[in-house]
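Colleague: Requesting a structural model of the entry that follows:
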Amino acid sequence: MRFFFADSQDLVDPAYDFTRETHDVFRLRQRDDRYPHEVLAEAPYDGLLISKSIVDGVGGASGRYTLGQKLRLRRLGARRFFRLRDDEPERIETMGDCGAFSYARQEVPPYSVDDVLGFYEDCGFDYGVSIDHVILGFDRDGRADPEMLREWQSRQQLTIELAAEFLDRHRTQRARVKPLGAAQGWSPESYAESVRQLREIGYERIAIGGMVPLKTPAIISVLRAVDEVRSGAQLHLLGVTRVEHVATFASFGVTSFDSTSPLRQAFMDDDDNYYWWGKNFVAVRVPPSEANSRLRLKVRAGQLDHDRVLDFERTALRSIRRFAADEIGLQEVLDAVHRYSELIGERKDRTSAYAETLSERPWTKCDCTVCMRVGVEVIIFRGAERNRRRGFHNLHVFSKRLALHGVGGAALLLEGKVS
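Modeller: Now for the predicted structure:
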């Protein structure tokens, strides 16, 4: 089972000063910052997925790439842009797609087949997914509103037509990228019909989209139906991560999937910020006061004293570091963090969760490059440099979990909530 990490330009600065919280004045982000596969000793994924919507944006909105980065990606190609080496034992592959969820509310996809195929070829991706129009619904029991059903059927038919056009252009232009046909549906039967038509068109690789919101039983029901008609086609799951079910997915022909969940949970999840074996941990929140607009308004209004806020904030950070160095006890650091949280108006009291994280000291037990280099900083929920590093750590643990599940090691793992 191959894992593709969906890129959103998540890099870290290797020279970042955690004490002063500053970057080098001569830092150039694209040149100096590092991707997960450059930071960690072992690449935590088998491939990178790059969405056109992330690069170019949709509907007038800019993507995550600057103009210079867009031009450099097309000029250099994905391998040089992401600094992927070809002499490594396991070659990191690249895949392109359109990022259908970003334009799901539009009547039709905003890209033409020629635009998308040109993007794939310019970037030199190994794989490219045909244009799809995501179906925002699932109706396993056949109870959908007739008007909604017509909308779903229209989107599915458009996705099939675009896939046929994509493969025709691919053949005519003798494109190098390996094509995947995108399948959309709203039920096990409709997904199976989509896959059947894609096989008739000539696709040997099929990417199944639109299943991100589905629960695992629904996903398995779709794969079971698809397995009856895929005729040996290899399946890729777009945006679906269920590490504990990879063996089941593989039995239905799934050979790869993509996700950003391990990284995003580092700073988007309420509880599972730091992955570990047997359980996941909450990161200790010490948000930067200077970046909090609500807090700045309170200071300007005289409701909070600026110097007092800074003192509480610095004390909280210093206490966490002193605790990690065995200079103070658990209660003292918990009190310092709680005082700062109360002062800035944090609504949820996470003291007991913080006590568990700090007393367990998981960062001292981890052999990933991030934890070994930055220590307790990885467990502090504060700013992109710490939060992304924690996401890199999560990718490291996730890849190990995936490998164990892939060789029948599920009994060794008691998963936390990995979505």
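Colleague: Strands along the protein, start to end?
Modeller: Residue ranges of the strands in the chain, as given by DSSP state E, are 2-6, 47-51, 93-97, 127-129, 178-183, 205-208, 234-237, 254-259, 284-285, 380-381.
Colleague: Now render these as CSV, adding mean neighbour count and mean pLDDT.
Modeller: C-betas here are computed from N, CA, C, even on glycine. Supplementary listing: the strands of the chain in CSV, determined by neighbours: other C-beta atoms under 10 Å; pLDDT from 0 to 100:
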stretch, mean neighbour count, mean pLDDT
strand 2-6, 22, 96
strand 47-51, 24, 97
strand 93-97, 26, 98
strand 127-129, 26, 98
strand 178-183, 26, 98
strand 205-208, 24, 98
strand 234-237, 22, 98
strand 254-259, 22, 96
strand 284-285, 22, 98
strand 380-381, 20, 98
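Colleague: Of all the ones you listed, which one comes closest to Arg150?
Modeller: strand 178-183 (19.3 Å; C-beta to C-beta).
Colleague: Show me what that closest one packs onto, helices and strands only.
Modeller: With contacts defined as 3 or more C-beta pairs under 8 Å, 6 or more residues apart in numbering; DSSP states H and E, the secondary structure elements packing on strand 178-183 are strand 127-129, helix 146-173, helix 188-201, strand 205-208.
Colleague: hmm, back to that, point out the one among the strands of the chain that comes closest to Asp13.
Modeller: Nearest to Asp13 among these is strand 380-381 (16.1 Å), distances taken as C-beta to C-beta.
Colleague: now that closest one, how far from the centre of its chain.
Modeller: Taking the mean of its C-alpha atoms, strand 380-381 sits 19 Å from the chain's own mean (C-alpha atoms, centre = their mean, to the nearest Å).
Colleague: which other helices and strands contact that strand?
Modeller: strand 284-285, helix 383-406.
Colleague: coming back round to it: now the helices and strands packed on strand 178-183 in a markdown table, with distance to Tyr275?
Modeller: Rendered in a markdown table, the data for the helices and strands packed on strand 178-183 read as follows (distance: least, C-beta to C-beta, whole Å):
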| stretch | distance to Tyr275 |
| --- | --- |
| strand 127-129 | 27 |
| helix 146-173 | 34 |
| helix 188-201 | 31 |
| strand 205-208 | 26 |
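Colleague: between those, which gets nearest to Ala218?
Modeller: Using C-beta to C-beta, these put helix 188-201 closest to Ala218, at 8.3 Å.
Colleague: any idea how far Gly329 lies from Trp363?
Modeller: With the distance defined as C-beta to C-beta, to the nearest Å, Gly329 ends up 18 Å from Trp363.
Colleague: quick one: furthest residue from the center of the protein?
Modeller: The outermost residue of the chain, judged by C-alpha distance from the chain's mean C-alpha position using C-alpha atoms, centre = their mean, is Gly302 at 40.6 Å.
Colleague: Can you find the helix or strand in the protein with the smallest mean pLDDT?
Modeller: One helix or strand of the chain scores below all others by mean pLDDT, DSSP states H and E: helix 293-300, with a mean of 83.
Colleague: Kind regards, and thank you for your time.
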